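Engineer: 3D model of this:
(2 chains, ligands or ions: 2)
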Amino acid sequence: MNTIPLPNYKEQSPAVADRFRRLKERRVILEAERVGKIFPVENGDIQALADVSFKAYRREFLSVIGPSGCGKSTLIRILAGLESATAGKVLLDGQMVEKPGPERGMVFQGYTLFPWLTVKKNVMFGLEVAGKGQAEPEALQWIEMVGLGEFVNHYPDQLSGGMKQRVAIARALANRPRVLLMDEPFGALDAQTRARMQSYLMQIWRNVDITIIFITHDLDEAVYLSDRILVLDANPGTVREMIEVPVPQPRSPEQHLSPEFLATKAHIESLIHSQHENEDDLPIIRLTQVNDDVF
Amino acid sequence: MAWLSIQKKLSGRKRALLILISFLLPLILWSTISYVPFLWHPMMEITSEGDSLYLEKGQRVKRKVFDRENKRLAAGGENQMAGVRANPVYLPAPHQVFVAAYTSFKSKPRRPGDPWLHQSLAHSVRVVFYGFLLSSLFGVPLGIFCGVFDFFSKLFEPFFEFFRYMPAPVFGALAVAVLGINDSPKIAIIFIGTFFQQVLVIANTTRQLPPSLVEAAQTLGARGWTLLKKVVLPAIAPSVFLDMRILLGWAWTYLIVAEVIGTSTGITWFINQQAKYRIYENVYAAILMIGIIGLGTDMILAWIGRNLFVWNGGKRNGLFQFLVELFYGSRHETFSFTRTKYFNHEYDTATEL
Ligand SMILES: Nc1ncnc2c1ncn2[C@@H]1O[C@H](COP(=O)(O)OP(=O)(O)OP(=O)(O)O)[C@@H](O)[C@H]1O
Ligand SMILES: [Mg+2]
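Structural biologist: Numbering: from 1, shown residues only, chains lettered A, B, ... in the order given. Ligands and ions are numbered 1, 2, ... in the order given. Here you go, the predicted structure:
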């Protein structure tokens, strides 16, 4: 299958071209330099990532998308410092990233709130660890920001999935990280909750000085939220393309049907699909009797 | 709602009923055997000895023996014996045991200087308490360290794994030789019986800690000791607490061994003594005491657990709150939060954007 090209909006629209020119004039916050990762396993090694390089600029929203198992989680864990790269390096503000730290907040796909702490105490966690005074009023402001002011004294088990993820976001943001790393944070949510969470995230991102790296396998979500999208290939995970999303900022739900939006989506879809080129060669298995006449 | 549904909790009333039944069933079984004469009652209790020369009033003999003797007496034209069917002396009826449970506290020891029942019980409780305390003092921290750090796990666990297969009682003679004949060797036996299991069980519990919680804490800036104190400990606390309740039960089982080494003491001594006097009601009463103390302790611990780990499905009880505030003073949670719309960083990005 051939890839569907993305129309060159930069040439067509000076506004789009200008937006990305200015984006790249900003300071580089996070930089991956030829990052590679090999997992040693019993029957040989697994090359999860090879030669992944990219830069994330200040206050950029950068999504990472790719087929399942292409190493997205591995990449974000390396960025967080939870896993070490076997090749290349990661720089945050020009400093080597070696271990996890509060300047890189993370929101995981699963729920990782501390079940023994109330919502408020969860959000206060990082502030208390850092020994900051005023942890409580600050935490409460963040909880308000994710719209959970009424739930400050609830325990995580008493919250819905979407609420838990909002608390997780508040907890990460309360630390005032430079970068917010999100590994499919809304993956487990239903469509409506997901849409609401997306607008929450957009609002937060607009109001806070933060660079977001966002993993998803939902194309709509990626195009809707991102400035740029990093598309990965699988086996091993490599950079397929860095897409500059031509949809104007700030985003609103109506844009889901704009030509730029649809073109970008179609383009990414074709990129990801072209990775399984032999789909047509798949053996056909018939599990039931079917009548071919209908075709 | 149905009584049997997979992984569903029954309603409060049904549960209470079942808990009641679980105690009533054995009691009913025991009562039936004791009070319904034809179910078992293999003996005859002699109410009048007639002209028998070797059987006396009050004795319990097998029915066969009773019949043979009566036949012999009848053949000789002598007065026959009279008797009622009875259970063996080692199976007293419930009411006898319950009465004994009360009177055995009241009755003076047969030999002056011997401990009363309550003194024997207190002695046992003391031995278990110190043995378990000593074991936990070392076992819990070591177990947690083994669960968290592979270093400690590999350094200690293989040997403990080997050692725990040696039954604690085999160290009895050794413990007496080293520690004398007082309570020390008994406490040592309980320690040996509990400690090694404790380390292994708690290490395993600690290993169940989801790594994602630790990772989340790390990305929030927690490291080293803080990570251990603020994440690992609270995360495993409810399971460790549960482990401790189970381990305390094991400590009690080692008590019976511990109490017969050196000089026999405590509840075991009492039981053996009463068995020697053939006062089996008292034996049962003492056994019942152990059960009640064990179950009571466990229920109190469970209650504390529910109150302590509110987030784990428990709930805080007014009495508990009262006790806490009695000891620690009031720590009322007051929070006044200012409603601020959105929290803005002081941007210096305006120039950059
Ligand atoms: N700890 C590990 N040990 C060995 N192999 C691993 C480990 N973690 C990941 N891998 C391998 O690395 C590859 C990438 O995994 P990763 O979890 O990063 O994929 P992903 O892109 O996040 O997938 P998904 O979209 O399904 O979440 C997979 O082939 C996986 O088997
Ligand atoms: Mg993943």
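Engineer: Tell me, how many residues neighbour the residue in chain B positioned nearest to ligand 1?
Structural biologist: Going by Cβ to the nearest ligand atom, ligand 1 is nearest to B:Pro211 of chain B, at 10.7 Å. To be clear about C-beta, it is placed using only N, CA and C from the backbone, and glycine gets the same treatment. B:Pro211 is flanked by 9 other residues according to other Cβ atoms under 10 Å in any protein chain shown.
Engineer: ok now do the closest residue to chain B within the stretch 51-200 of chain A, which residues does it touch?
Structural biologist: Of all residues in the stretch 51-200 of chain A, A:Pro102 sits closest to chain B, at 3.2 Å by Cβ to the nearest Cβ. A:Pro102 makes contacts with A:Gly126, A:Val129, A:Ala130, A:Asn175, A:Pro177, B:Thr219, B:Leu220, B:Gly221, as judged by Cβ atoms under 8 Å, 6 or more residues apart in numbering or on different chains.
Engineer: what does B:Gly50 give?
Structural biologist: B:Asn70, B:Leu73, B:Glu78, B:Asn79, B:Gln80, B:Met81, B:Ala82.
Engineer: In TSV, list those residues along with pLDDT and secondary structure.
Structural biologist: Formatted as TSV, the contacts of B:Gly50 follow (pLDDT from 0 to 100; DSSP: H, G, I helix; E, B strand; the rest coil):
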residue	pLDDT	secondary structure
B:Asn70	89	helix
B:Leu73	89	helix
B:Glu78	87	coil
B:Asn79	87	coil
B:Gln80	88	coil
B:Met81	88	coil
B:Ala82	89	strand
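Engineer: okay, among the residues you listed, which ones form the most distant pair?
Structural biologist: Spatial extent of the contacts of B:Gly50 (Cβ to Cβ) is set by the pair B:Glu78 and B:Ala82 at 13.3 Å.
Engineer: pull the CA atoms of stretch B:32-51 into CSV?
Structural biologist: Output of stretch B:32-51 as CSV, limited to C-alpha atoms (Å, rounded to 0.1, in the frame of the first residue of the first chain):
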residue,chain,number,x,y,z
THR,B,32,-26.1,-34.4,70.2
ILE,B,33,-23.4,-36.9,70.9
SER,B,34,-23.5,-35.9,74.5
TYR,B,35,-27.2,-35.7,75.3
VAL,B,36,-28.9,-38.2,72.9
PRO,B,37,-28.2,-41.5,74.5
PHE,B,38,-28.4,-43.9,71.6
LEU,B,39,-26.0,-42.3,69.2
TRP,B,40,-22.8,-43.3,70.7
HIS,B,41,-22.7,-43.7,74.6
PRO,B,42,-20.5,-46.9,74.5
MET,B,43,-20.1,-47.0,78.3
MET,B,44,-22.3,-47.7,81.3
GLU,B,45,-22.0,-45.5,84.3
ILE,B,46,-22.7,-47.7,87.3
THR,B,47,-25.4,-46.2,89.5
SER,B,48,-25.7,-49.1,91.9
GLU,B,49,-23.0,-51.8,92.2
GLY,B,50,-25.2,-54.6,93.5
ASP,B,51,-23.1,-57.5,94.7
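Engineer: Could you tell me how far that stretch lies from the centre of the chain?
Structural biologist: Centroid separation for stretch B:32-51 versus its chain: 36 Å, with Cα atoms, centre = their mean, to the nearest Å.
Engineer: Could you verify that the residue of the stretch 51-200 of chain A closest to chain B is part of a helix?
Structural biologist: No. Counting by DSSP: H, G, I helix; E, B strand; the rest coil, A:Pro102 falls outside a helix, being coil.
Engineer: ok, for it, nearest residue in space, not its chain neighbours?
Structural biologist: B:Gly221 (3.2 Å; Cβ to Cβ, 6 or more residues apart in numbering or on different chains).
Engineer: How about B:Val214?
Structural biologist: Spatial nearest neighbour of B:Val214, excluding adjacent residues (Cβ to Cβ, 6+ apart): B:Val231 at 6.0 Å.
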